[in-house]
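In: model this:
(chains A and B)
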Amino acid sequence: MLGLSRVGWRAGAVPILEDVTFEAASGEFIALTGRNGAGKSTLLDLIAGLRVPTSGQIAIDGRPLSGWTSLERARAISHLPQTVHVQSPMTASQLVMMGRYPHADRWFESVDDRQAVDQSMAECGCLDLHDRRVATLSGGERQRVFLAACLAQRPAMLLLDEPAAFLDIDQQLNCFELLKRQARAGVLCIAVSHDLNLALEFCTRIIVLSGRTIARDLPVRDAMDRTDWLTHFSSRLERMVTPDGRARICYR
Amino acid sequence: MSVAVQEHGGRWIAWSAAAFVAAALLLPFVGPSPLDLARVWGREAPDWSILVQLRLSRTLLGLFAGAALALGGCVFQAMLRDALATPYTLGVSTGASLGAVLAIAFGLHIGGGVSAIWIGAIAGAGCVLFFVLGTSIRQQELSPFALLLAGVATNSVCSALILLVYGLSGMSASFAIARWLIGSLDAISYGPLGVFMAVVTALALLIVRRARAWNLIAVGDQWAGTRGADVRRLMRFGYVAGSVLAALTVAVTGPIGFIGLVVPHLIRVRLTADGRVLMPCAFFLGGVLLASCDALGRVILAPAEVPAGAITACIGGPYLIWLVRRQA
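Out: Numbers count the residues shown, from 1 in each chain, chains lettered A, B, ... in the order given. The predicted model follows:
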């Protein structure tokens, strides 16, 4: 469903990404990893249509992204930035309702829209926060509300920039569990993550960005058995196997 | 948004609109010399002409000027994601003031039926808008931070130039300048008033029609961009429309402060932050507030008149501090 061919992006004269090529299908849950500054967020922005590639082409369902209007894009793709500052006194359900923007063209949203909001909030376990002000929520609660806003968009593709950053361990597990369920339901999920163990546990595929391009692109099944891809992160990583046979990454 | 807010939202807009109409009908009767209703009914002089020629036009000017300032405030606060942003943040009003002050200093009072002060103000505002937007565009992207900085810098440069002109001009001109800079409503003939009301109404409709998109913008550019808003076009429209509202208003009333800050803030805290309700309510209530301040200024120290700009600042400043303290 998603295809990138030789995609590059430069900031002025500085190349950030070069020659990025990969394809992804519905139902995949891809962990986009790499060191700081490797271009993970930039790549996500390019796929979301927030930036325009300076070379190469991105296509969704065979149609070049450059030909999509912002409304068409928003009906297919939902993107969650790394940080969202909500300053105005708005409630959680008002924020989630924003996900209905590309689907509703009426002044006030319909009953269907409100049902979609409630359903998304229930899926993310935040229906109890419905009328709370976003500014008063804890980090974990807020992230669940943001995820609900993404789901309310009913996207075919979910792009998340470090969705587990700032979350406690239990919330991180819940977040990735939720994304895994979405992928199983047929949504293409791409999440930027620094946590390799979360990626091994929940994702189906790991893409490692290094040297301005894709250095490794592995199904998680292969990543479990190999160690050569770890050098892109640090020289101090090693692979261990838990007593019940799961591969885990540790540091020395 | 919950069902309750939707239903209340419609009601709040209706109440605000009713207050706007009521102000237009009642405030013209407030003034230093009481009007005899029977003579007004019989269209007899001087009561009828005081009501229609002086007070009604002045009330309408106050209503639409206040509405333009409050709505402009909403737009800038959404775009800059800053509750302290006003239609004056980009320096447009200081630019307009400089233009008007130059027109007064050079004694260009009448130019073909339209006041030279207006032309000076609109030219000044246009120059500032052009300059500030021009310096803030890099790689076809408008940077809000660069806009704020350019606005602040332009503000202080224009203020300095205003002081310079003020210092160099003669007694009568400098008195007229000082009077104008306070910001006040004066009787206005129906021709220019009609143009002003028509432009403000048209821009308000264009702005409020995009209320759902302003809601997205208020959260973030990326957030709005991936939820279906055309951020670049929306921002360009917002800066131009908001600045035109501010420039026109400054041209006819002088720089009147606080309406653009207090009214949206009050509605956001008390009613809702949803632009679909916030923006229409701010439009109507901003108008009611300015027109009421002007009516108050007409009678509070009668026969002397207190300029509306002084009253809005005297009421708005302490109120804002109280509101912020209560929240914290």
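
In: Only C-alpha atoms from now on, for both contacts and neighbour counts.
Out: Fine.

In: Up against chain B, what does chain A have?
Out: Counting by C-alpha under 8 Å from any C-alpha of the partner chain, chain A comes close to chain B at A:48-50, A:70-75, A:77-81, A:84-91, A:93-94, A:97-99, A:101-102, A:107-108, A:114, A:153.

In: Buried subset of these, written for ChimeraX?
Out: In ChimeraX, selecting the buried portion of these, with burial taken from 16 or more other C-alpha atoms under 10 Å in any protein chain shown, looks like this:
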select /A:48,49,50,70,71,72,73,74,75,77,78,79,80,81,88,89,90,91,93,94,97,98,99,101,102,108,114,153
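
In: Inside strands: which ones of the residues of chain A next to chain B?
Out: Cross-referencing the residues of chain A next to chain B against strands under DSSP state E gives A:77-80.

In: which residues does the closest residue to A:Ala183 other than its chain neighbours contact?
Out: With C-alpha to C-alpha, 6 or more residues apart in numbering or on different chains as the criterion, A:Ala183 has its nearest non-adjacent residue at 4.5 Å, and that residue is A:Gly27. Counting by C-alpha atoms under 8 Å, 6 or more residues apart in numbering or on different chains, A:Gly27 makes contact with A:182-189.

In: Just the buried subset of those residues, please.
Out: Buried among the contacts of A:Gly27 (16+ other C-alpha under 10 Å): A:182-183, A:186-189.

In: State the pair within these that is farthest apart.
Out: Greatest spatial distance in the buried ones among the contacts of A:Gly27: A:Gly186 and A:Cys189, 9.1 Å, computed using C-alpha to C-alpha.

In: And for B:Ser49, the neighbour number?
Out: For B:Ser49, the count of nearby residues is 14 (other C-alpha atoms under 10 Å in any protein chain shown).

In: Can you show me the strands along the stretch 151-252 of chain A?
Out: For the stretch 151-252 of chain A, the strands defined by DSSP state E, counting those that start in this stretch cover A:157-161, A:188-192, A:205-210, A:213-219, A:237-241, A:247-251.

In: Relative to A:Asp19, which of these is closest?
Out: The closest of these to A:Asp19 is strand A:213-219. By C-alpha to C-alpha, the value is 6.3 Å.

In: Switch the buried ones among the contacts of A:Gly27 over to a markdown table; also include distance to A:Asp225 and pLDDT.
Out: Shown next, in a markdown table, are the buried ones among the contacts of A:Gly27 (distance: C-alpha to C-alpha, whole Å; pLDDT from 0 to 100):
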| residue | distance to A:Asp225 | pLDDT |
| --- | --- | --- |
| A:Gln182 | 26 | 95 |
| A:Ala183 | 23 | 96 |
| A:Gly186 | 27 | 95 |
| A:Val187 | 27 | 96 |
| A:Leu188 | 24 | 97 |
| A:Cys189 | 23 | 97 |
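
In: Can you show me the strands along chain B?
Out: Using DSSP E, the strands assigned to chain B run over residues B:110-111, B:114-115, B:137-138, B:141-142.

In: Which of these has the lowest mean pLDDT?
Out: Within the strands of chain B, confidence is poorest for strand B:110-111, with a mean of 53 (mean pLDDT).

In: Need phi/psi at the nearest residue to B:Ile137 once chain neighbours are set aside.
Out: The spatial neighbour of B:Ile137 that comes closest, neighbours along the chain excluded (C-alpha to C-alpha, 6+ apart), is B:Ser143 at 6.6 Å. Main-chain dihedrals, B:Ser143, degrees, to the nearest 10: phi -100, psi 120.

In: mind checking how far B:Ser143 is from chain A?
Out: Using C-alpha to the nearest C-alpha, to the nearest Å, B:Ser143 is found at 15 Å from chain A.

In: wait, doesn't that residue sit right on B:Thr135?
Out: No. The criterion here is C-alpha atoms under 8 Å, and B:Ser143 misses it with B:Thr135 at 9.7 Å.

In: residues touching the residue of the stretch 201-328 of chain B found nearest chain A, list them.
Out: Closest residue of the stretch 201-328 of chain B to chain A, C-alpha to the nearest C-alpha: B:Gly228 (4.1 Å). By C-alpha under 8 Å, 6+ apart, the residues touching B:Gly228 are A:70-75, A:101-102.

In: quick one: it from A:Leu50, how far?
Out: Using C-alpha to C-alpha, to the nearest Å, B:Gly228 is found at 11 Å from A:Leu50.

In: before we move on, the earlier item: got any residues that touch both of A:Gly186 and A:Cys189?
Out: Joint contacts of A:Gly186 and A:Cys189 (C-alpha under 8 Å, 6+ apart) are A:27-28.

In: Could you list which of the contacts of B:Gly228 belong to helices?
Out: Counting by DSSP state H, the part of those found in helices is A:70-75.

In: So which of the strands of the stretch 151-252 of chain A is nearest B:Asp36?
Out: Closest among the strands of the stretch 151-252 of chain A, using C-alpha to C-alpha: strand A:157-161, at 69.5 Å.

In: What residues does the closest residue to A:Arg133 other than its chain neighbours make contact with?
Out: Leaving aside its sequence neighbours, A:Arg133 sits nearest to A:Thr91 (C-alpha to C-alpha, 6+ apart; 4.1 Å). Residues near A:Thr91 by C-alpha under 8 Å, 6+ apart: A:130-134, B:1.

In: follow-up on the earlier one: in helices, which of the contacts of A:Gly27 appear?
Out: Per DSSP H, the subset of the contacts of A:Gly27 in helices is A:182-184.

In: Any idea which residue is closest to the centre of chain B?
Out: Taking C-alpha atoms, centre = their mean, the centroid of chain B lies closest to B:Leu69, which sits 2.2 Å from it.

In: ok, the nearest residue to that one once chain neighbours are set aside - how many residues close by?
Out: Counting by C-alpha to C-alpha, 6+ apart, B:Leu69 lies nearest to B:Gly260, which is 4.9 Å off, once chain neighbours are set aside. Neighbourhood size, B:Gly260 [other C-alpha under 10 Å]: 30.

In: give the contact list for B:Gly260.
Out: In this structure, B:Gly260 makes contact with B:66, B:69-74, B:86-87, B:286, judged by C-alpha under 8 Å, 6+ apart.

In: Now do stretch B:195-203: everything it contacts.
Out: Outside stretch B:195-203, the residues that touch it by C-alpha under 8 Å, 6+ apart are B:61, B:64, B:68, B:241, B:245, B:248.

In: buried ones in that stretch?
Out: B:196-197, B:199-201, B:203.

In: Next: stretch B:157-166.
Out: Across stretch B:157-166, burial judged by 16+ other C-alpha under 10 Å covers B:158-159, B:161-162, B:165-166.

In: Mind checking which of those land in helices?
Out: Among the buried residues of stretch B:157-166, the members found in helices (DSSP H) are B:158-159, B:161-162, B:165-166.
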